[in-house]
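A.B. asks: Here is a sequence with its predicted model. Questions after.
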Amino acid sequence: MGVISTLASISLRTCQVIHGPAIIIDKNSTILVEPNCKAEMTKKGDVTIMIGKGKPKHIGKELDAIQLSIFSHRFTSIAEQMGRILQRTAISTNIKERLDFLCALFGPDGRLVSNAPHIPSHLGAMLDGVQYQMWAIEINEGDCIISNHPWAEGVHLPVYSQK
């Protein structure tokens, strides 16, 4: 296991302590040791990180371009992962092969935060559907709503046969 810090690259030994900021890289993982933290290699080869008690940095409401880009990519990644799981577990050919679905994250006010680029035509209907669900259902922290309500937000209406 090697360490890349701002100054040098070294090998970690058992019980060695690395003070952050540093990046620990091995063949299977990358570990970020933040400022005011320290990492230690245990006798079993694990890395433990002790979180420092340094002065906390004040984070305001204003974001710089880098923070905005990082959070944008994080949220998009979550929506894309939701889509991959839906695609892998689906039985429907429309979902599995045509990717005829949309996964997105919405804020507490029902407005879009990020979406995965599956079938964006669903996005307009989905926004209305999320806001409808927020109005129609009591939602508590940690709840997850899955909906295919044709009158609330569906773009594939059910087929009715008349005799």
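C.D. replies: Right, received. Where do you want to start? What you see is a predicted model, and the numbers here were worked out from it, not measured in a lab.
A.B. asks: CA only for contacts and neighbour counts going forward, please
C.D. replies: Will do.
A.B. asks: Quick one: distance of the longest helix along the chain to the chain centre.
C.D. replies: In the chain, taking DSSP state H as the definition, the longest helix is helix 65-89. Put simply, helix 65-89 sits 5 Å off its chain's centre (C-alpha atoms, centre = their mean, to the nearest Å).
A.B. asks: Show me what the very next helix or strand once past it is packed up against.
C.D. replies: The C-terminal neighbour of helix 65-89 among helices and strands, as given by DSSP states H and E, is helix 93-96. Under the contact criterion of 3 or more C-alpha pairs under 8 Å, 6 or more residues apart in numbering; DSSP states H and E, the helices and strands touching helix 93-96 comprise helix 65-89.
A.B. asks: Okay, residue 85 and residue 79: tell me how far apart.
C.D. replies: 10 Å (C-alpha to C-alpha, to the nearest Å).
A.B. asks: Now do residue 69, the pLDDT please.
C.D. replies: We have a pLDDT of 87 for residue 69.
A.B. asks: Number of residues surrounding it?
C.D. replies: 11 (other C-alpha atoms under 10 Å).
A.B. asks: if we can go back for a sec, residues in contact with the longest helix of the chain?
C.D. replies: Outside helix 65-89, the residues that touch it by C-alpha atoms under 8 Å, 6 or more residues apart in numbering are 95-97, 99, 102-105, 113-118.
A.B. asks: that older thread, show me which of residue 85 and residue 79 is the more surrounded one.
C.D. replies: residue 79 (21 against 10).
A.B. asks: how far away is that one from residue 107?
C.D. replies: 13 Å.
A.B. asks: what about stretch 81-97, how long is it end to end?
C.D. replies: In stretch 81-97, first residue to last residue: 16 Å (C-alpha to C-alpha).
A.B. asks: buried set for the longest helix of the chain?
C.D. replies: Neighbour counts using 16 or more other C-alpha atoms under 10 Å place 75-76, 78-80, 82-84, 86-87 of helix 65-89 among the buried residues.
A.B. asks: With stretch 129-144 instead?
C.D. replies: 129-131, 133.
A.B. asks: Can you show me the CA trace of it as PDB?
C.D. replies: Taking C-alpha atoms only, stretch 129-144 is exported to PDB below (Å, rounded to 0.1, in the frame of the first residue of the first chain):
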ATOM      1  CA  GLY A 129     -46.500  13.200 -10.700                       C
ATOM      2  CA  VAL A 130     -44.000  14.000  -7.900                       C
ATOM      3  CA  GLN A 131     -45.900  17.100  -6.900                       C
ATOM      4  CA  TYR A 132     -49.200  15.200  -7.000                       C
ATOM      5  CA  GLN A 133     -47.800  12.500  -4.800                       C
ATOM      6  CA  MET A 134     -46.500  15.100  -2.300                       C
ATOM      7  CA  TRP A 135     -50.000  16.600  -2.200                       C
ATOM      8  CA  ALA A 136     -51.900  13.200  -2.000                       C
ATOM      9  CA  ILE A 137     -49.800  11.200   0.400                       C
ATOM     10  CA  GLU A 138     -48.300  12.000   3.800                       C
ATOM     11  CA  ILE A 139     -44.600  11.600   3.300                       C
ATOM     12  CA  ASN A 140     -42.200  11.100   6.200                       C
ATOM     13  CA  GLU A 141     -38.400  11.300   6.400                       C
ATOM     14  CA  GLY A 142     -36.900   8.200   4.800                       C
ATOM     15  CA  ASP A 143     -40.000   7.300   2.700                       C
ATOM     16  CA  CYS A 144     -39.600   6.300  -0.900                       C
END
